[in-house]
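1. here is my input, please return the structure:
(2 chains)
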Amino acid sequence: MKILVPIKRVVDYNVKVRVRRDGTGVETAGVKMSMNPFDEIAVEEALRLREKGAADDIVVVSVGVPQAADTLRTALAMGADRAILVQSEESPEPLAVAKILKTLVEREKPDLVILGKQAIDDDMNATGQMLAGLLDWPQATFASRVEKTDDGLTVTREVDGGSETLSLTLPAIVTADLRLNEPRYASLPNIMKAKKKPLDTIAAADLGIDLTRRLTMLSMAEPPTRKAGVKLGSVAELVEKLRNEAKVI
Amino acid sequence: MTALVLLDAEDGTIPQTSRSAIAAAATLGEIDVLVTGGPDTIQAAAASAAKLPGIRKVRTAAGEAFAHGLAEPLAALIVALAPEYDHILAAATAIGKSALPRAAARLDVQIIPDVMDIKDAETFVRPIFAGNALVTLRSSDAKKLLTIRTASFDPVPAEGGNAPIEAVTPPSSAEKSRFLSAEHSSTERPQLEAARVIVSGGRGMQSAEGFKILEPLADKLGAAIGASRVAVDAGFVPNDYQVGQTGKIVAPDLYIACGISGAIQHLAGMKDSKVIVAINKDEDAPIFQVADYGLVGDLFQIVPALTAALE
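-> Now for the predicted structure:
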């Protein structure tokens, strides 16, 4: 089975982002960038499927600025076989990314595409579902367990109020949730090896896909802040405040 | 203008989350609702939907394919109905978040997820970076597909209307995914998104065993139980307890955070609560910066004392 794993370079999850004063975006100068954490989980799941003998070829792909090549190298160091960078000036919207990925799927012919459920920058939670829609493939979002069966996949998903298990035919799209696995760290020898693995670069503009944004950002602002309240001395005082001041119990 | 709101009515009832999505659609013109489900639940669901106030008509699609909210048949149905609508909305629940982007791609529309404010028919506000920034976006798509951050909209009442019901014939499509089974967490307590009071635990609960001291307090308050991502990752409680940007977004009247430091990703999920209480042994924990009332100390003493004080 061949697996394609799309990954995104995002502001590291430990960075507290700040909105620029002019409201045109967030401060990114000098900010640490990393692989989207949900995408790391997607890469890890592909590697585990290969280790179980269910997959033999893992291709990682990223759509974005030239520096996204570093993120692809990280995935290669984790163990992916090959990487493709679709270079664009900015990060396109999920619909455009899904169209780019559809073109790559038609070229690479994977049996399975595993994506992170959402990127932690725009929090769109859409690319996997949109790619599944464009390809008319089955989808299983928010996966917490993936198993290869004789004729497809069994996927357990995180849903409201519990979990559910689906069976999918292949080819299929899976999006990874937090508890699917714990991604490995790349070892130093593997980081060295990753430098020799193939990484092809394609210009997004050469794919003939319209990348025009459908959503125009009119403004960006920090959310209204809550005022800190008071620290109380005792449980009795808390109960009194909740009853008589806040009137919520 | 006309909007279609997809309701999560698979169990035969209309949840509060779907009623919030209807409230969001109120400024977008006339509203039809779409109710789907298996043959044995559809009638009850349609009857409940017909009672919702302000609805032009209830459209229903029944069949085994719709019994479990699978994204493929739902998206195909939405695509088939789309020509009649300017806006298509659903609550940002597991079903809405799975089916609407899929349908949007088929319609060549960029989905707008987690909408928290509707400025006008084409201008929407949504959170990014785990709620650290809010963006106002204008969509140039002819049709708009939105999922609604339900904590941002007060739900419409469950009753008051009398809308006509009309069955639609879903497009036929090959079965691509199949429902096998579901494991539901305990349903004795209110659902997180609908609870008036939430008692939530974090790393400070120390273990799955430690987490259990929240149960008597939740029982006393009729509260739902939530958790921070750290508590979920540590295996204290299942993932569907998670409150935060990667979990559920809630806005109860009272949120009691126990042993939760207040990571930004958690705050993104609960800072719209009316009253926040923080119980933490670290007096510098960021949770105190958003809490209305704070108690610094050992939660293993404070929580039982609070439970007892509510007698």
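
2. going by C-alpha atoms from here, please, whenever you check contacts or count neighbours.
-> OK.

3. now the closest residue to residue B:192 other than its chain neighbours: phi and psi?
-> Nearest non-adjacent residue to residue B:192, counting by C-alpha to C-alpha, 6 or more residues apart in numbering or on different chains: residue B:224, 5.5 Å away. Backbone geometry at residue B:224, expressed as degrees, to the nearest 10, gives phi -80, psi 160.

4. didn't residue B:224 look like it was pressed against residue B:214?
-> No - assessed by C-alpha atoms under 8 Å, residue B:224 is found out of contact with residue B:214, at 10.1 Å.

5. of the two, who's got more company?
-> With neighbours defined as other C-alpha atoms under 10 Å in any protein chain shown, residue B:224 and residue B:214 compare such that residue B:224 has more, 25 against 22.

6. I'd like the distance between the more buried one and residue A:187.
-> Distance, residue B:224 to residue A:187, using C-alpha to C-alpha, to the nearest Å: 43 Å.

7. same thing with residue B:236?
-> For residue B:236, the distance to residue A:187 - C-alpha to C-alpha - is 30 Å.

8. what does residue B:33 give?
-> From residue B:33 to residue A:187 the distance is 53 Å (C-alpha to C-alpha).

9. next one: the longest helix anywhere in chain B to chain centre, how far?
-> Among the segments of chain B that qualify as a helix by DSSP state H, the longest is helix B:94-106. Remark: helix B:94-106 is offset 15 Å from the chain centroid, using C-alpha atoms, centre = their mean, to the nearest Å.

10. and that helix, what does it pack onto?
-> Counting contacts by 3 or more C-alpha pairs under 8 Å, 6 or more residues apart in numbering or on different chains; DSSP states H and E, helix B:94-106 packs against helix A:127-135, helix B:71-81, strand B:87-91, strand B:144-148.

11. quick one: which of the ones you listed is nearest residue B:194?
-> strand B:87-91 (13.1 Å; C-alpha to C-alpha).

12. show me what the closest one is packed up against.
-> Using 3+ C-alpha pairs under 8 Å, 6+ apart: strand B:87-91 touches strand B:2-6, helix B:16-25, helix B:94-106, strand B:144-148.

13. other residues contacting the next helix or strand along the chain from the third one?
-> This points to helix B:94-106. Scanning forward in sequence from helix B:94-106 by DSSP states H and E, the next helix or strand is strand B:112-115. If you take C-alpha atoms under 8 Å, 6 or more residues apart in numbering or on different chains as the criterion, strand B:112-115 is touched by A:124-125, B:92, B:97, B:124-127, B:144-149.

14. one more: stretch A:215-235?
-> A:18-19, A:23-25, A:238, B:110, B:131-140, B:271, B:288-296, B:302, B:305-306, B:309.

15. can you count the residues close to residue A:29?
-> 6.

16. and what of the one 5 residues further on?
-> Neighbourhood size, residue A:34 [other C-alpha under 10 Å]: 18.

17. do the one 10 residues further on as well
-> Other residues within reach of residue A:44, judged by other C-alpha under 10 Å, total 25.

18. next one: it from chain B, what distance?
-> According to C-alpha to the nearest C-alpha, to the nearest Å, residue A:44 and chain B sit 17 Å apart.
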